[in-house]
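Requesting a structural model of the entry that follows:
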Amino acid sequence: MDKNIILKAENLIKYYFEPVKFQALKSISFKVFEGEFLSVVGKSGCGKTTMMYILSTMDTDYEGELNISGQRVTGQKPDYLADIRNKNIGFVFQFHYLLPEFTCLKNVMIPALKLNKYSYEEVEERAYQKLELLGIKEQALKQASKISGGQQQRVAIARALINDPKIIMCDEPTGNLYSKNTNIVIDIFKKLAEDYGQTIIAVTHDKDFSEKSSRTMEMKDGEILSHGW
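Presented below is the predicted three-dimensional model:
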């Protein structure tokens, strides 16, 4: 049985107008399937990050059409897009953006408390489960500022997972880590995709990261050079 399409981009075109008119994306079209671990690679300035902002629904100023989980998100109002993000997308960045004075547990709980779908006790239990999945449950009650960089990034991944998003979007998720921690994070993403059917879309310069993903899409000068099929 074919896997379901979780994200579909059709003819995405993006212009910047300052300081001069510049076309950052040129008719980008591709599909991402459920449970796929997709890396997007290419030199700086090729349009990877620009594309990710559009895919994440943060940038709405583009031509073309974007569908996420069967829903057309292009042209929708900000409140609708915020709801789509909260329910469907988890984010992992190069820098973990944890609140340093909060415990790891509280940091993981924040997106679920914001979603307001579960009771506080249920959110807390879910947060413990995600931390356990990532092998750092014992760090739950420590302040985020008191654990290592690699552990902080794992807390950030747990936070991205707390609402059971259909897609995790990552921007250089290993770019700020030492090689040992990089390998741990790569293996976590691989396990999430292979064992739990989690869809992952990651922009990366990390060759090891892209080689361990299930597909690598290469970009150059605002276009897709290779879909990685």
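
Tell me which residue lies nearest the centroid of this protein.
M169 (1.3 Å; CA atoms, centre = their mean).

Can you tell me how far that residue is from E124?
From M169 over to E124 the distance is 25 Å, taken as CB to CB, to the nearest Å. C-betas here are computed from N, CA, C, even on glycine.

What are the buried residues along the top helix by length along the chain?
For the chain, the helix with the greatest residue count under DSSP state H is helix 179-196. Buried residues in helix 179-196, counted by 16 or more other CB atoms under 10 Å: 181-186, 188-190, 192-193.

Out of those, which comes closest to Q23?
The closest of the buried residues of helix 179-196 to Q23 turns out to be F189 (CB to CB; 31.6 Å).

What does the pLDDT read for that closest one?
F189 carries a pLDDT score of 87 in this model.

for V203, same thing?
V203 carries a pLDDT value of 91.

pretty sure G175 is touching V92, no?
No - between G175 and V92 there is no contact under CB atoms under 8 Å: 11.0 Å.

the more surrounded of the two?
More neighbours surround V92 than the other of G175 and V92, with 23 against 16 (other CB atoms under 10 Å).

A helix includes the more buried one, no?
No - applying DSSP: H, G, I helix; E, B strand; the rest coil, one finds V92 to be strand, outside a helix.

Who are the contact partners of it?
By CB atoms under 8 Å, 6 or more residues apart in numbering, the contact set of V92 is 153, 156-157, 160, 168-171, 173.

can we see that at 10 Å?
The neighbourhood of V92, defined by CB atoms under 10 Å, 6 or more residues apart in numbering, consists of 153, 156-157, 159-161, 168-174, 185, 189, 200, 202.

And for A24?
12-16, 45-47, 49-51, 54, 62, 221-222.

Filter those residues down to the buried ones and express that as a PyMOL selection.
The buried residues among those can be selected in PyMOL (16+ other CB under 10 Å) with this line:
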select buried, resi 12+14+46+47+50+51+54+62+222
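
Give the buried residues for the helix or strand where L113 lies.
Taking DSSP states H and E as the definition, L113 sits inside helix 104-115. Within helix 104-115, the residues that qualify as buried are 104-112, counting by 16+ other CB under 10 Å.
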